[in-house]
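Colleague: Give me coordinates for this.
(one chain, ligands or ions: 1)
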Amino acid sequence: MIGWTEQQQMVKGMMRDFVEKEIVPIIDDLEYNGVPPYDVLRKLFTSFGMDELAGANFDKQIARQEAIARGETVADAAEKKPQEGPVSEEALDAAAMSLLPIIEISRHCQGLITAMGVSVGLTAGAIMAKGSLAQKKKYARDLLTLKKIGAWAITEPNSGSDAFGAMKSTAKRDGKGGYLLNGSKTFITNGPYADTIVFICRLEEDGVEARDRKIVSFILDSGMPGLEQSAPFKKMGIGSSPTGELFLSDVHAGPERLMGESEDGYGRSGAKSTFSTERSGVAAMSLGLVERALEMSLEYAKTRVQFGQPIGSYQLIQLKLAKMEVARLNLENLVFRFIETRAAGKDFTLSEASAMKLYAAQTAMEVATEAVQIFGGAGYMRETRVEQLMRDAKILQIYAGTDEMQIVAIAKDLLGRA
Ligand SMILES: Cc1cc2nc3c(=O)[nH]c(=O)nc-3n(C[C@H](O)[C@H](O)[C@H](O)COP(=O)(O)OP(=O)(O)OC[C@H]3O[C@@H](n4cnc5c(N)ncnc54)[C@H](O)[C@@H]3O)c2cc1C
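Modeller: Numbering: from 1, shown residues only. Model (predicted):
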């Protein structure tokens, strides 16, 4: 893939119109005034039929899984394992279309993508990957269509980068088939408002050293006795993505809430595959942000006059613009590679996803910082919006694994292969 098709460009244009009409006018409310992002995201879904499409895809997948569970032979070509060889236009198109909202919205309001991505990609994604059929039917359809909002909770006050090693939250068997959950989670996207929460913790087992205890996950509903969801934190950027804490005190969870209805349902490997999904999406977010930063910088470089000339005539400014274009091209290529990989029915390895995330996050931050520099004092003012890109870009280097942890993952893989 070397470019967007005409059809994709048309959809991109329609998305851009939507963002300019429906999101840009309420950006201050979303970013600074505490208005939750869900209504406008739902509007996006209904305006583009994304909710109907997600629902129909879900129904098709579930019907197939139910047929398999009944022992029927399923002959659905669309569900067959992808063949080796060139990928179909249809698969490429589907993968590309799923990224267009990410790119277009990240041009102005990356937080909306974080809130949506955690609900749909991480929470529903985890349930679709590892939940039982009953759990998928109960929770995933509503999450995929944004009828409900999801949170995916692994981080704790004392366990961030070392997510598994230092994890303190626990599940204790209650002797009646259920569990008692305790602990606290922090920095949880959608935490304040989530209807459905994937809570990741350790299984307390007698005779097993704390660090060797199994990682298990539960699907929780907002309002369960003993579960408290905090108010949103105030943050440097992505104000449109509510982030909060979760406190669990003797929350009783029946066995039907255990992910996959098994203590081996969604542990370290499940969570690691979610890391991979999470990391891969960052290239599309960075591309939107970098496209916008470059566009704004070009406009300013052509119109801002100092020493009698537009600042774009100075080579120091030209170098910044040229580097931004190189970054944009590289990010676009990463996005195209992501689309082709997905269309071929493949996933990135954790190390590939980490490499993409590291590059994309650092690039977005560098470009946004240089964009502010091109704007000079005006760049430091909220009104010009360019400073928001810089604040939004910074989170890409922190969540979904910090830059340092991406480096660790890449190096570990390289050295393991050597
Ligand atoms: C806005 C936002 C949204 C988030 N959303 C979610 C969410 O939805 N769900 C969720 O579970 N979590 C979420 N997080 C948590 C996020 O994933 C963590 O903040 C991140 O993984 C880093 O953990 P930490 O903040 O504890 O930093 P720490 O792990 O304490 O790291 C501090 C510093 O030390 C460095 N460091 C740590 N270990 C090493 C090492 N071995 N080598 C070199 N350097 C190291 C780090 O890179 C960093 O620079 C979110 C965070 C933010 C800010």
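Colleague: Report the contact partners of residue 332.
Modeller: With contact set as CB atoms under 8 Å, 6 or more residues apart in numbering, residue 332 has these partners: residue 287. In short, each C-beta sits where N, CA and C put it, glycine included.
Colleague: for residue 189, same thing?
Modeller: Contacts for residue 189 (CB under 8 Å, 6+ apart) come out as 114, 115, 118, 151, 152, 241, 242, 243, 399.
Colleague: Could you report the pLDDT at residue 78?
Modeller: Residue 78 is assigned 49 on the pLDDT scale.
Colleague: Kindly report the residues of the stretch 151-300 of the chain close to the ligand.
Modeller: Neighbours of the ligand within the stretch 151-300 of the chain, by CB under 6 Å from any ligand atom: 152, 153, 154, 155, 160, 161, 187, 188, 189, 235, 243.
Colleague: For PyMOL, what selects the buried ones among those residues?
Modeller: Typed into PyMOL, the line below selects the buried ones among those, using 16 or more other CB atoms under 10 Å:
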select buried, resi 152+153+154+155+160+187+188+189+235+243
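Colleague: What about the residue in the chain positioned nearest to the ligand? Give its phi and psi, please.
Modeller: Nearest to the ligand, among the residues of the chain, is residue 160, at 1.7 Å (CB to the nearest ligand atom). Here is the backbone geometry of residue 160 (degrees, to the nearest 10): phi -110, psi -90.
Colleague: Do a quick rundown of the strands in the chain.
Modeller: Assigned by DSSP state E, the chain shows strands spanning 150-153, 170-173, 179-189, 196-203, 215-221, 227-229, 243-253, 305-306, 309-310.
Colleague: List the buried residues of the second one.
Modeller: It refers to strand 170-173. Buried residues in strand 170-173, counted by 16+ other CB under 10 Å: 170, 171, 172.
Colleague: Can you tell me how far the residue nearest the centre of the chain is from residue 301?
Modeller: Geometric centre of the chain, nearest residue: residue 117, 3.7 Å, by CA atoms, centre = their mean. Relative to residue 301, residue 117 is positioned 32 Å away (CB to CB, to the nearest Å).
Colleague: anything in stretch 358-370 sitting right up against the ligand?
Modeller: No. Using CB under 6 Å from any ligand atom, stretch 358-370 stays clear of the ligand, coming no nearer than 11.4 Å.
Colleague: need the contact list for residue 376.
Modeller: Contact analysis of residue 376 by CB under 8 Å, 6+ apart lists residue 304.
Colleague: residue contacts, the closest residue to residue 220 other than its chain neighbours?
Modeller: Using CB to CB, 6 or more residues apart in numbering and skipping residues adjacent in sequence, the residue nearest residue 220 is residue 197, 4.4 Å away. Counting by CB under 8 Å, 6+ apart, residue 197 touches 123, 150, 151, 152, 153, 191, 219, 220, 221, 222, 227, 246.
Colleague: follow-up on the earlier one: distance to residue 202 added to the contacts of residue 189, as CSV?
Modeller: Below are these laid out as CSV (distance: CB to CB, whole Å):
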residue, distance to residue 202
114, 27
115, 28
118, 22
151, 19
152, 17
241, 28
242, 27
243, 23
399, 22
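Colleague: Show residues contacting stretch 385-394.
Modeller: With CB under 8 Å, 6+ apart as the criterion, stretch 385-394 contacts 27, 31, 106, 108, 110-111, 236-238, 286, 289, 292-293, 296-297, 361, 364-365, 367-369, 371-372, 375, 378-382.
Colleague: Could you list the buried residues of it?
Modeller: Neighbour counts using 16+ other CB under 10 Å place 386, 387, 388, 389, 390, 391, 392, 393, 394 of stretch 385-394 among the buried residues.
Colleague: Check whether that stretch comes near the ligand.
Modeller: No. Stretch 385-394 stays out of contact with the ligand when judged by CB under 6 Å from any ligand atom, the minimum separation being 9.3 Å.
Colleague: Grab the CA positions of that stretch and hand them over as CSV.
Modeller: C-alpha atoms of stretch 385-394 as CSV (Å, rounded to 0.1, in the frame of the first residue of the first chain):
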residue,chain,number,x,y,z
ARG,A,385,-4.0,25.3,19.6
VAL,A,386,-0.5,24.3,18.6
GLU,A,387,0.5,23.9,22.3
GLN,A,388,-2.3,21.4,22.7
LEU,A,389,-0.7,19.1,20.1
MET,A,390,2.5,19.2,22.2
ARG,A,391,0.8,18.4,25.5
ASP,A,392,-1.2,15.7,23.8
ALA,A,393,1.9,14.2,22.1
LYS,A,394,3.6,13.8,25.5
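Colleague: pLDDT on it, on average?
Modeller: 98.
Colleague: Also stretch 283-296?
Modeller: For stretch 283-296, mean pLDDT rounds to 97.
Colleague: All further residue positions should be reported with the first residue as 816.
Modeller: OK, 816 is where the count begins now, so the last one is stretch 1098-1111.
Colleague: and it, which residues are buried?
Modeller: If you call a residue buried by 16+ other CB under 10 Å, then stretch 1098-1111 has these buried ones: 1098-1109, 1111.
Colleague: thought residue 1178 was touching residue 1098?
Modeller: No. Applying CB atoms under 8 Å, one finds residue 1178 not in contact with residue 1098, separated by 9.2 Å.
Colleague: Give me the common contacts of the two.
Modeller: Counting by CB under 8 Å, 6+ apart, the residues touching both residue 1178 and residue 1098 are residue 1146.
Colleague: Leaving out sequence neighbours, find the closest residue to residue 909.
Modeller: Spatial nearest neighbour of residue 909, excluding adjacent residues (CB to CB, 6+ apart): residue 1158 at 7.3 Å.
Colleague: The one you found: neighbour count?
Modeller: For residue 1158, the neighbour count with other CB atoms under 10 Å is 21.
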